[in-house]
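>>> from the sequence below, what's the structure:
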Amino acid sequence: MSVWARRTVSIFAFLAFFSISLVAQTDPGWRISPYHINIQAGDDRILQLLDDLAQELHGAVWSVDNPEIAELQEQDGRAVLHVKAPGTVRVSAALGGEMRFREVNIWPADEPLKQGTSKWGTEPIGREIKDLPAVPGVDAPAIYSLEQTAAGNTYLRAVRDDGIQVWAWLMPEQTRDVELVCGDWLGGALISANRADSYTLYTVGKDGKLRWQYTLPGVRKGHAYNLDHLVHVISQSQDGTGTTITGLDEVTGARNFQLTLPASIETLTNVQRIGTRYFCTAESRFGPIRTITSRLFVNIDGFAYVAFTHHDWSLKTGKCIPGSEIPPQDVTFARDERVELWQIHPDGSYRSTMVEESKNERSITESVSPPSPTGSIIPDGLGGVLLPIRWSHDIVVGEIHTSADELVYRIDENGNVVYRLPLPKYDGELHDEMVLGENEVGFATRGSFLIAFNVRDGKELWRWNSSTPEIEVFAALANGHCLVQTPTALVEVTGTNEAKEVLQGKAMMGWHGDVYVKHN
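Modelled structure (predicted):
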């Protein structure tokens, strides 16, 4: 796995930092773990042996090269290094006629570790797919890592907060496209093995045993857990025309309900489209078109929420000779575009709210502006929802697309739209995540901009320009500031002209406010 090296970068009293970095395996066959150890005099460090498939080995003979500053004991089949004085000690493990070594740096007990010092790390066994913090709980690990070996075997590894791996679970299939989706409320992890026309969800418990697996057709588009142990999963057909939401029992994997979102339909009257050209036909045709959805989330009311588009399109022309080509300006395009928000109840019933609707009828050569959710959706902290909506500006003929209007909608607990907050236009890769801060302040990113706004009334408070494209909002801090992830660093932003780099690399937030930083 990535080296999860605990780092002492103390920015605020309430926020601890760790670091992650990829390292090559320097000891073939087996090695001493953790790696890159820094410890203070008087503390203990547990050590273990892991092989190339992350399996723990026992029966080694351990030793240290300087007993005056550190000594070794055995506990539960692992070595425990007790350090007595500052310096550097070399730990040795002998197993099967081979030796492995690990240097440990010992710091004075009365001095804090220097900023940026890693406390420990672990080494990968193959291609790293994803790392994430586990949901805290009794006997639950601190970190999960999903890794895939060159042979195509996928392992989920569980690591404690002291860097000791507690187990490694082998996925029972060799699907290359695998995702570590999230941790669950029982301290376990959810994995998705994806195929062209279906995917299988695996839930692995905090004990490293498979709790259940469930196969669904289509592509996984989102998920959400509620506190009553119900997993909501949104699936979509490959062409995007069919969308379902399935409720699964978090403990057993049993299906509680399945909902189908209303299909979007295109009707062609006297018109046949071949490539970019239009021809007259005596037949009328209709068929499904793609539905765009947000992700799922569970609000403070315990209900899951999802937003999606519902299209009714109609292309038609006047009287014509069947088989003749029709000039595009003679084709009329009627559109009824709707964005709906569903509040989904645990029994599979739901409340539907119309968030936005746009109707027009014009020549297909003219620009149209359909609304659609961009993906992100979060609670507003007031019982309602914050939902980003994009209004595209497109011309069907020639497939012309211009900069879209980006807005954040607040929908209250009764389904009413409270405001529409405009965001900067941006044509690059979309990072539309939002976070809630203190005192009803929200943060959103578009392009190089971070926007702070009042959640209750939608008033923009300030915006910061990073001058770096494709930044992502990372976390709101208790001091009112916001952490932003740039392509190369984590930055603390205070206001329009106030920002400072916190650390280099890509970061991830744990459940207790710990930040793990990856240096690839």
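>>> which residues touch the residue lying closest to Leu436 once chain neighbours are set aside?
Of all residues not flanking Leu436 in the chain, Gly381 sits nearest, at 5.1 Å (Cβ to Cβ, 6 or more residues apart in numbering). All C-beta atoms are positioned from the backbone trio N, CA, C, and that covers glycine. For Gly381, the contacting residues are 436, 440, 455, by Cβ atoms under 8 Å, 6 or more residues apart in numbering.
>>> can I get the buried part of those residues as one PyMOL selection?
Selection command for PyMOL covering only the buried members of those, criterion 16 or more other Cβ atoms under 10 Å:
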select buried, resi 436+455
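>>> what's the closest of the contacts of Gly381 to Ile164?
Closest approach between those and Ile164, by Cβ to Cβ: Leu436, at 34.8 Å.
>>> what pLDDT is listed against that closest one?
pLDDT for Leu436: 96.
>>> do the one 3 residues further on as well
At Asn439, the predicted lDDT confidence score is 93.
>>> repeat that for Pro288.
Pro288 is given a pLDDT of 94.
>>> who does it bridge with?
Beta-bridge pairing for Pro288 (DSSP bridges): Ile265.
>>> could you do the one 10 residues further on as well?
Per DSSP bridges, residues listed as beta-bridge partners of Val298: Ala304.
>>> burial of it, as a residue count?
Residue neighbour count, defined by other Cβ atoms under 10 Å, stands at 18 for Val298.
>>> mind listing what it touches?
Counted by Cβ under 8 Å, 6+ apart, Val298 has contacts 224-227, 232, 304-305.
>>> which of these lies closest to Ile46?
Closest approach to Ile46 among these (Cβ to Cβ): Tyr225, at 32.0 Å.
>>> so what's the gap between the helix or strand containing Leu47 and the chain middle?
Leu47 is part of strand 44-51 when elements are defined by DSSP states H and E. Put simply, strand 44-51 sits 31 Å off its chain's centre (Cα atoms, centre = their mean, to the nearest Å).
>>> and the pLDDT at the closest residue to Val181 other than its chain neighbours?
Nearest residue to Val181, sequence neighbours excluded (Cβ to Cβ, 6+ apart): Leu190, at 4.3 Å. With respect to pLDDT, Leu190 scores 98.
>>> and Leu190, that's in a strand?
Yes. Judged by DSSP: H, G, I helix; E, B strand; the rest coil, Leu190 forms part of a strand.
>>> quick check: it touching His223?
Yes. Assessed by Cβ atoms under 8 Å, Leu190 is found in contact with His223 at 7.2 Å.
>>> can you list residues touching both of the two?
181-182, 231.
>>> before we move on, back to that, for the residue nearest to Leu436, helix, strand, or coil?
Secondary structure state of Gly381, per three-state DSSP, is coil.
>>> gap between it and Met434?
In this view, Gly381 and Met434 are 11 Å apart by Cβ to Cβ, to the nearest Å.
>>> what is the nearest of the shared contacts of Leu190 and His223 to Arg45?
Out of the shared contacts of Leu190 and His223, the member with the shortest distance to Arg45 (by Cβ to Cβ) is Cys182, at 30.4 Å.
>>> hmm, that closest one is touching His223, no?
Yes. With contact defined as Cβ under 8 Å, Cys182 counts as touching His223 (6.9 Å).
>>> with adjacent residues omitted, what lies nearest to the residue lying farthest from the centre of the chain?
Most distant residue from the mean C-alpha position of the chain: Ile321, 53.4 Å away (Cα atoms, centre = their mean). Excluding its sequence neighbours, the residue lying closest to Ile321 (Cβ to Cβ, 6+ apart) is Cys280, at 5.8 Å.
>>> what is the one you found paired to in the beta sheet?
Applying DSSP bridges, one finds that Cys280 bridges with Val271.
>>> got a pLDDT number for it?
Cys280 carries a pLDDT value of 94.
>>> equivalent analysis for His431, please.
pLDDT, read off for His431, is 89.
>>> SS state for it?
coil.
>>> count the neighbours of it for me.
For His431, using other Cβ under 10 Å, the count is 19.
>>> contacting residues around it?
Contacts of His431 by Cβ under 8 Å, 6+ apart are 445-446, 470-473.
>>> next step: the residues you listed restricted to strands.
Taking DSSP state E as the definition of strands, the contacts of His431 contribute 445-446, 472-473.
>>> for these, which ChimeraX command selects only the ones that are buried?
Buried residues within the ones in strands among the contacts of His431, by 16+ other Cβ under 10 Å, are selected in ChimeraX with:
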select :445,446,473
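>>> out of the ones in strands among the contacts of His431, which comes closest to Glu501?
Set against Glu501, the nearest of those by Cβ to Cβ is Glu472 (15.2 Å).
>>> run through the residues that contact the closest one.
Contacts of Glu472 (Cβ under 8 Å, 6+ apart): 431, 433, 445, 484-485.
>>> quick check: bridge partners of Ala94?
Going by DSSP bridges, Ala94 forms beta bridges with Val61, Met99.
>>> whoops, Arg127 was the one
Going by DSSP bridges, Arg127 forms beta bridges with Gln148.
>>> and the furthest pair within the contacts of His431?
Glu470 and Val473 (11.9 Å).
>>> tell me the SS of Ala54?
coil.
>>> how about it: what's its closest non-neighbour residue?
Ranked by Cβ to Cβ, 6+ apart and with sequence neighbours excluded, the top spatial neighbour of Ala54 is Ala168, at 3.9 Å.
>>> and the strands in the stretch 101-250 of the chain?
Secondary structure of the stretch 101-250 of the chain (DSSP state E, counting those that start in this stretch): strands located at 127-133, 143-148, 154-159, 165-170, 178-183, 189-194, 198-204, 210-217, 219-225, 230-236, 243-249.
>>> how many neighbours does the residue nearest to Val181 have?
Leu190: 21 neighbours (other Cβ under 10 Å).
>>> before I go, just wanted to say thanks for your time.
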